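> requesting a structural model of the entry that follows:
(one chain, ligands or ions: 1)
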Amino acid sequence: MTGLFMTLLLLPLQVAAVPDSTVAAEAVQDSTAVRNDTLLTEDGLPDSVIVLGHRVPVYAIRPMASEKVSASNVIDTLPTSVPGVKVLLYNDNTWRYSKTDEYIADNAVFADNWDSENFNAYRSPVDSLPETWSVWLVDSLGSYHMPQIGRVTSKWGYRHGRRHQGIDISLPNGTPLFAVFDGKVRISKSVKGGYGNLVVIRHNNGLETFYGHMSRRNVKPGDIVHAGDTIGFSGNTGRSTGPHLHFETRYQGLTFDPQRIINFENGDLRQRMMVLKRRYFDASSCYDQDFDEEFLLVEDDARALEEKKKKDAEEARKAMVYHKVRSGENLGLIARKYHTTVNSICRLNGIKSTTILRIGRTLRVR
Ligand SMILES: [Zn+2]
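Residues are numbered from 1 along each chain as shown. Predicted structure coming up:
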């Protein structure tokens, strides 16, 4: 059994720049034993990765199922080559890696721009980011857990002309919410009229996740969390019209569509290494361009346009002025009376300046 773990090799957790392909290919060999010559196949490589012009191991783009935090008893603990990382064996024949809090806390991402009040602790303008770069979301220790799965009621991007910074997942009140990756709690507070009960976690991979509208928070700023830890429970606090989780993913304080990393239909992490592009931070750049929400948005626009037309027509109707022709009146006289022109009256009524006016006829003069 231990032999399986002998080949364990850790990946550097945080890759800020485009990684060196050779290093990545070698480092990526873990207990799943990916061979070097199979690392560079184009199988399933998304376009975005090919565009980068560097080789990416298949391992990096393999989806990853949400970790199952076993309720079974631990029957053995095995050391690994990395201090602070152990393997826990359970009595139901499952196993998982376990990292110490010290191991998680010992990471440069927590050193700077640390702020337990402000949502965006970085304040870096979007154009300070490179066009394209990559981030390892999980290392070969594989710590990932879905936040929670439910019906997605609103996606990231423009919603009724306003920017929606996260994804909304409808959940019954009190549903447990999980830390997605290992990390450290940056914010845990109640935000009136907005997020409600909010937890913000900065993860070892450099990403931040936001959990809003919670009924109850389980963590406080500075707490170390492991992927899969229950950080609180879903609710309806803040600006919310029903119990749901508002979930955000941020990099350098800027939000991007959480669907880019998580498949909210099955809870899988789409790939272990994420390619980020600067344009992903633009609110119009969502993961699936043709989702229902967009159609709704178009429908809303059509409805709004129809309403505006009606309103305009109503106003125009109110602005109309009519005149009943009396004995001895002609077009010139009527035009002068209403400070308009004969031509204008003719146009409004579809008549000629020579048309003989019958007494009692109603003419529109404005
Ligand atoms: Zn939301």
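> give me the below-cutoff pLDDT ranges for the stretch 51-200 of the chain.
Applying pLDDT under 70 to the stretch 51-200 of the chain flags the ranges 51-57, 70-71.
> show me the helices in it, by range?
58-61, 101-105 (DSSP state H, counting those that start in this stretch).
> in the stretch 151-300 of the chain, what residue is nearest the ion?
Taking C-beta to the ion as the measure, the point where the stretch 151-300 of the chain comes nearest the ion is His246, at 3.5 Å. Yep, even glycine has a C-beta here, placed from its N, CA and C like the rest.
> hmm, that residue is touching Phe210, no?
Yes. With contacts counted by C-beta atoms under 8 Å, His246 reaches Phe210, the gap being 7.3 Å.
> of all the helices of the stretch 51-200 of the chain, which one comes closest to Cys346?
Proximity to Cys346 (C-beta to C-beta) singles out helix 58-61 among these, at 72.2 Å.
> can you give me how far the closest one is from the chain middle?
Computed by C-alpha atoms, centre = their mean, to the nearest Å, the chain-centroid distance of helix 58-61 equals 23 Å.
> give me the helices and strands touching that helix, please.
Applying 3 or more C-beta pairs under 8 Å, 6 or more residues apart in numbering; DSSP states H and E, one finds that helix 58-61 makes contact with helix 36-39.
> which residue is the nearest non-sequential neighbour of Ile149?
Take Ile149 and drop its neighbours on the chain: the residue closest to it by C-beta to C-beta, 6 or more residues apart in numbering is Gly267, 4.9 Å away.
> now the one you found: which helix or strand?
Counting by DSSP states H and E, there is no helix or strand that carries Gly267.
> so who does it touch?
Applying C-beta atoms under 8 Å, 6 or more residues apart in numbering to Gly267 gives the contacts Ala65, Ser66, Met146, Ile149.
> would TSV of these with distance to the ion and neighbour count be doable?
Converted to TSV, these look like this (distance: C-beta to the ion, whole Å; neighbours: other C-beta atoms under 10 Å):
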residue	distance to the ion	neighbour count
Ala65	26	13
Ser66	21	20
Met146	17	19
Ile149	16	16
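> quick one on the thing from earlier: need the residues touching each of His246 and Phe210.
Listed as contacting both His246 and Phe210 by C-beta under 8 Å, 6+ apart are Gly166, Tyr195.
> let's have the helices of the stretch 51-200 of the chain in a markdown table, adding distance to Arg202.
Shown next, in a markdown table, are those (distance: least, C-beta to C-beta, whole Å):
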| stretch | distance to Arg202 |
| --- | --- |
| helix 58-61 | 22 |
| helix 101-105 | 11 |
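> nearest to Leu348, out of those helices?
Comparison of the helices of the stretch 51-200 of the chain against Leu348 by C-beta to C-beta identifies helix 58-61 as nearest, at 67.6 Å.
> kindly state the domain boundaries assigned to this structure.
Here the domain parsing of the chain from automatic domain parsing is 3-288, 320-366.
> how far does the first one sit from its chain's centre?
Put plainly, it is domain 3-288. Between the centre of domain 3-288 and the centre of its chain there are 13 Å (C-alpha atoms, centre = their mean).
> now do the shortest one
Relative to the mean C-alpha coordinate of its chain, domain 320-366 is positioned 61 Å out (C-alpha atoms, centre = their mean).
> so Val219, which state does it fall into?
With DSSP: H, G, I helix; E, B strand; the rest coil as the basis, Val219 sits in coil.
> dump the residue contacts of it.
The contact partners of Val219, taken as C-beta under 8 Å, 6+ apart, are Val185, Ser188, Val199, Val225, Asp229, Ile231, Gly232.
> if you set the cut-off to 6 Å instead, what comes out?
Val185, Ser188, Ile231 (C-beta atoms under 6 Å, 6 or more residues apart in numbering).
> what score does the residue in the chain sticking out farthest from the centre have for pLDDT?
Distance from the C-alpha centroid of the chain peaks at Gly328, with 72.9 Å (C-alpha atoms, centre = their mean). Listed pLDDT for Gly328 reads 89.
> what of the one 3 residues further on?
Per-residue confidence (pLDDT) for Leu331: 92.
> ditto for the one 10 residues further on
Looking at Thr341, its pLDDT is 90.
> and for the one 3 residues further on?
Confidence per residue is given as pLDDT, and for Ser344 that number is 89.
> can you check Leu40 too?
Model confidence at Leu40, given as pLDDT, is 32.
> one more: Asp292?
Predicted confidence (pLDDT) at Asp292: the value is 43.
> show me which residues of stretch 187-202 are buried.
In terms of neighbour count (16 or more other C-beta atoms under 10 Å), stretch 187-202 has its buried residues at Ile187, Ser188, Val191, Tyr195, Gly196, Asn197, Leu198, Val199, Val200, Ile201, Arg202.
> near the ion, which residues of the stretch 51-200 of the chain? Just list them.
Residues of the stretch 51-200 of the chain lying near the ion by C-beta under 5 Å from the ion: Gly166, Asp168.
> so Arg336 is in which element?
Going by DSSP H and E, Arg336 is in helix 331-337.
> give me the helices and strands touching that helix, please.
helix 342-349 (3 or more C-beta pairs under 6 Å, 6 or more residues apart in numbering; DSSP states H and E).
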